[in-house]
Each structure stands twice: as structure tokens, then as C-alpha cells.
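K.L.:
Below are the sequence and a predicted model for it; my questions follow.
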Amino acid sequence: MEGRCGWAGLDPIYVEYHDTEWGVPEYDARTLWEKLILDGFQAGLSWITILKKRENFRAAFAGFDPHVIAEWGQADVQRLLNDAGIIRHRGKIEATITNARAYLEVNATEGFDQFLWKYVDGVPLQNAFATQNDVPPSTPMSVQVSKDLKARGFKFCGPTIVYAFMEATGLVNDHILSCHRHSECAAMALPAKGR
């Protein structure tokens with residue numbers, strides 16, 4: 001389609017993700033956590049690899065239920081390392097268990113959604129990039145969010161991973177200006193009182 005972010009390409013899975021999910025403001029704490037975990041697994045790989053395996057990840061990780069995952073140990077790590085349907089990376093698998101525990105703590109004290117949305121005062125940032133080349137891999141804000149997540153015990157959440165996550169979950173609208181989804185996602189940017 002004319003006027004779509006170039007990274008979406010022609011793969012139907014990518015196009016569907018771009019047109020219906022990427023950049024849509026996500027306010028559900030558990031869904032935000034799942035997306036952060038998947039962005040961590042994506043590090044060093046292409047996002048299409050994760051999209052094609054997303055349902056396998058959900059099955060392997062108990063529907064991304066942090067209460068279940070937080071109780072897992074080395075036997076579960078080994079089980080997941082043997083699961084060909086996911087990315088079999090020990091560090092990322094172990095980080096998911098650690099991140100489940102960190103998520104439960106943050107969510108219990110202030111709400112994981114509130115923790116993240118406070119960086120943009122509850123309203124998605126609207127960027128106005130003309131081309132994909134103008135979009136930065138990270139920003140001072142993603143550096144700060146990464147630092148704060150790590151201080152809370154999270155792993156695999158560097159500034160670049162965090163920025164990709166912020167784009168995906170609509171904390172920032174990085175659809176390029178000529179993309180039909182830029183204005184559509186901007187229209188979804190409701191202030192906290194409007195939700």
C-alpha cells in the first residue's frame with residue numbers, strides 16, 4: 001500500500017502487524033510486559049522472526065502469565081531450551097523469569113502500566129519523521145526508561161530494545177508522516193482522563 005512505513009515490506013504478517021498493532025497505545029500492564037519480553041527476545045534478530053513465533057512463545061511461556069513464570073526454575077529453563085518453536089537463548093529465557101519477578105513487584109507497588117506511561121505523562125508522544133532514516137534507534141527517554149527498568153531488576157532492556165518497545169506499544173508514534181497509520185495512531189492518543 002502506498003503510504004506505509006517502509007519497514008513493513010510486503011510480508012502479510014508484517015503488513016498486518018504494522019496496520020493493526022504497531023504504534024497503537026497499549027495500556028494493559030500484562031500486555032505491555034509481554035511485548036517488552038518479546039522485544040528482548042528480538043535483540044540481534046529481525047522482528048518478523050518473533051512475529052512468526054509469537055504464538056509458540058505464548059504457548060511455551062504459559063500465556064505470558066508472570067505469576068506462573070516467576071515460580072519457574074532451572075528445569076523450566078532446560079525445557080524451554082529444548083523448545084524448537086521459540087528462540088532458544090539461555091540468557092533471554094532466564095531474563096524472562098527474572099523479569100516476571102520484577103514485573104510482579106513493580107505492578108504491585110505502582111502498576112507496570114503507570115510506571116511506563118509516566119514517562120510521557122500518560123499521553124503518547126507524536127513524532128513527525130519524514131523518512132525511516134530519520135527515526136533514531138534510541139532516545140534520551142529510552143535511555144532513562146532502560147536505566148530505571150534495570151534498577152527495578154529487569155534484564156534485556158537496553159535503550160534500543162526499550163525504544164523499539166515504546167514504538168510498538170504506542171508510547172511514541174513513530175509512523176512516518178506519509179504513512180496512513182500516523183494520523184490513525186495519533187487519533188488514539190487519549191489523555192489519561194479519556195481512557
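P.N.:
Arrived safely. Numbers count the residues shown, from 1 in each chain.
K.L.:
hang on, residue 49 is in a strand, isn't it?
P.N.:
No. Using DSSP: H, G, I helix; E, B strand; the rest coil, the assignment for residue 49 is helix, not a strand.
K.L.:
ok, and the closest non-adjacent residue to residue 164?
P.N.:
The shortest distance from residue 164 to any non-neighbouring residue, by CB to CB, 6 or more residues apart in numbering, is to residue 39 (5.3 Å). All C-beta spots, glycine's among them, are computed from the backbone N, C-alpha and C.
K.L.:
my read is the one you found is in a helix, agree?
P.N.:
Yes. When classified by three-state DSSP, residue 39 is found to be part of a helix.
K.L.:
Need the phi and psi values for residue 126.
P.N.:
phi -110, psi 100 (degrees, to the nearest 10).
K.L.:
Identify each of the strands in the chain and give its residue range.
P.N.:
Shown for the chain, the strands assigned by DSSP state E span residues 125-126, 172-173.
K.L.:
so where's this structure uncertain?
P.N.:
1-2, 190-195 (pLDDT under 70).
K.L.:
Tell me who's in contact with residue 107.
P.N.:
Residues near residue 107 by CB atoms under 8 Å, 6 or more residues apart in numbering: 29, 33, 66.
K.L.:
now with 7 Å?
P.N.:
residue 29 (CB atoms under 7 Å, 6 or more residues apart in numbering).
K.L.:
do the same with the one 10 residues further on
P.N.:
Under the criterion of CB under 7 Å, 6+ apart, the contact partners of residue 117 comprise residue 171.
K.L.:
how far away is it from residue 145?
P.N.:
11 Å (CB to CB, to the nearest Å).
K.L.:
And for residue 104?
P.N.:
Distance, residue 104 to residue 145, using CB to CB: 19 Å.
K.L.:
and these two? which has more neighbours close in?
P.N.:
Neighbours were counted for residue 104 and for residue 145 using other CB atoms under 10 Å; residue 145 has more, 24 against 16.
K.L.:
I figured the more buried one was touching residue 163, is that so?
P.N.:
No. Between residue 145 and residue 163 there is no contact under CB atoms under 7 Å: 8.5 Å.
K.L.:
show me where this protein has helices.
P.N.:
Remark: helices assigned in the chain by DSSP state H are 12-20, 29-42, 47-60, 66-69, 74-81, 90-109, 112-117, 140-151, 159-168, 180-187.
K.L.:
For the first one, buried residues please.
P.N.:
Residues of helix 12-20 classed as buried by neighbour count (16 or more other CB atoms under 10 Å): 14, 17-19.
K.L.:
Sweet, I'm off.
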